[in-house]
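*Asks:* Build me a model:
(one chain, ligands or ions: 2)
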Amino acid sequence: MRFHITGQRLHDKGRQVFVYDNETNTLSDASGQVFSSGGCEAHAGKHTPVVPFSPEEPLRKSKRIRTLKIQLGLSCNYACDYCSQRFVEHAPETSRKDIEAFIDRLGNLEFNEARGLKIEFWGGEPLVYWKTLVPLKEALDLYFAGWEKKPVYSMITNGSLLNREIVQWLVENEFIVAMSHDGPGQAVRGPDPLDDDITRSAVRSLYRQLRPRGRFSFNAMLNQSNYGRREIYEWFVAFTGDPSVPLGEGSVIDAYDEGGTGNSLATKADHFAFRRRAFNDVFANDGQIGFGGILGKVDGFTTGVLTHRPASSLGQKCGMDKPGNIAIDLRGNVITCQNVSASEVAKNGAPHLGGNIEKIEEVELKSATHWRNRANCAACPVLHLCKGSCMYLQGEYWDVSCANSYSDNIALFALSFEKMTGYIPVLIDAPGLPDDRRDIFGTEMEHIERPRRKMIPIVAV
Ligand code: SF4
Ligand code: SF4
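*Replies:* Residues are numbered from 1 along each chain as shown. Ligands and ions are numbered 1, 2, ... in the order given. Prediction:
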């Protein structure tokens, strides 16, 4: 799809219309000159095409594993308001008794030291599973004892269960740890573990030990009430005293249930205000926002455009469509991703359970849909940044997540566009693109709000 994009210079308000093609991922100016880098020829023809999947042509998995996500169970000591796992049906719990059979089943997969291996431990809250986690890690150490280049172990935790013993274990076992925390907006998510003196001291201790080795980040998500990346960054600088505090995630939430919908950008005015803030936070602060992954996304998109990386090589945003990235539980069940369970049915009515690693060649995930098989993604200007949002969402939650993702990514698109052209994009022309998506910052058109859906919170008594 070709988009005619009007850009405006900041200093003299001069305008020019550019053409962006999201299929070839090329950008050209009014004279037809295509923006390219020297690497373009080097990359030509080297982009591996992906195979689009759908419930009818299900996603399959390879034996050759690069990332192994071990789902320990969905239990958590918190119930965060917009957690993607909040209403997922739990599979029957596993325990340390399942470890021996689990390690035996790993023999059905192929791991390669030279290729490298990442092993991620997932909950719920993974530290709830401490009694399983410790012997499981020991069993994996034995399994890969012959490797000089050890697997890279990581986990994402809410941090609330950290104490001196666990901190020491994570450090000794060379974990990469990300702690989910929304900084100034933590109250929207749920309780704040940093309110507790012992936990706060344990978090600081872990930070001091892992941060110098590049093994710690705070992961913050953006939502309707907490979307200033610069403000979040300043909160973490104050907490750590570290101006280069590493912040992960940093995207606007997807909506997996009513809680996620209620915390999403709701009105057109909300979307425009968010886009302006997200653009200015980076543009006006010289990129000083701490979220390295977000800045890397802008740079990655810029490189993709300048080297003309085509849409045919684009996978999904989370990478769980890659054949070598696999999420399994301790029974060897292969599931769509780490955020679901073998007992849960996906929003499209298909099970999240795709098979077992004992018969990896028969695994079929009918729960997921590639962006190419979605109604609007191929005609979307931010396709290369969004990559089709979550591959298993459907219906109204998909619609809300798509809208959040559009606003999130159009601001990053604008930052990249400005870097390449010197013009800030303000208006996109393309058949079928709604006005509130065409008008990037809400400055070019009048917009009439649709009546806002009223959210009635369910209060447990
Ligand atoms: S913003 Fe929506 S339409 Fe665009 S690529 Fe993402 S999910 Fe698809
Ligand atoms: S499929 Fe990907 S984007 Fe969706 S919940 Fe799982 S990891 Fe997240």
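
*Asks:* R374 - how many residues pack around it?
*Replies:* 19 (other CB atoms under 10 Å). C-beta here means a position set from N, CA and C on the backbone, and glycine is covered the same way.

*Asks:* try I70
*Replies:* Neighbours around I70, by other CB under 10 Å: 22.

*Asks:* how about the nearest residue to it, chain neighbours excluded?
*Replies:* By the measure of CB to CB, 6 or more residues apart in numbering, the closest residue to I70 outside its immediate chain neighbours is F121, 5.5 Å from it.

*Asks:* Could I get the pLDDT score of M455?
*Replies:* pLDDT, M455: 51.

*Asks:* Over to L210?
*Replies:* L210 is given a pLDDT of 98.

*Asks:* which residues touch it?
*Replies:* Contacts here follow CB atoms under 8 Å, 6 or more residues apart in numbering; on that basis L210 touches L170, V171, F175, I176, V177, F216.

*Asks:* still on that earlier bit, could you say whether the residue nearest to I70 sits in a helix, a strand or coil?
*Replies:* Three-state call for F121 (DSSP: H, G, I helix; E, B strand; the rest coil): strand.

*Asks:* how close does it sit to I357?
*Replies:* Distance of F121 to I357, computed by CB to CB, to the nearest Å: 17 Å.

*Asks:* The residue nearest to I70 and ligand 1, how far apart?
*Replies:* Computed as CB to the nearest ligand atom, to the nearest Å, the F121 to ligand 1 distance reads 29 Å.

*Asks:* do you know how far the residue nearest to L127 when sequence neighbours are not counted is from S75?
*Replies:* For L127, ignoring the flanking residues on the chain, the nearest one in space by CB to CB, 6+ apart is L161 at 4.1 Å. To S75, L161 is 12 Å away according to CB to CB.

*Asks:* same check, this time on I360
*Replies:* I360 is 27 Å from S75, by CB to CB.

*Asks:* Compare neighbour counts for these two and give me the winner.
*Replies:* Taking neighbours as other CB under 10 Å, I360 and S75 compare with I360 leading, 23 against 14.

*Asks:* just checking, that one is part of a helix?
*Replies:* Yes: counting by three-state DSSP, I360 falls inside a helix.

*Asks:* quick one: contacts for it?
*Replies:* Taking CB under 8 Å, 6+ apart, one finds K61, S62, K63, N108, L109, V334 in contact with I360.

*Asks:* Selecting buried members of these in ChimeraX, what would you type?
*Replies:* Listed next is the ChimeraX selection for buried residues among the contacts of I360, using 16 or more other CB atoms under 10 Å:
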select :61,62,109,334
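
*Asks:* mind listing the strands in the stretch 101-250 of the chain by residue range?
*Replies:* 118-122, 152-157, 176-180, 216-222, 247-252 (DSSP state E, counting those that start in this stretch).

*Asks:* Of those strands, give the one that comes closest to G259.
*Replies:* Counting by CB to CB, G259 lies closest to strand 216-222 out of those; the figure is 12.5 Å.

*Asks:* Near ligand 2, which residues of the chain are found?
*Replies:* S84, C318, M320, T336, C337, N339, C390, M391, Y392 (CB under 6 Å from any ligand atom).

*Asks:* of the residues you listed, buried ones?
*Replies:* Buried subset of these (neighbour count, 16+ other CB under 10 Å): S84, C318, M320, T336, C337, N339, C390, M391, Y392.
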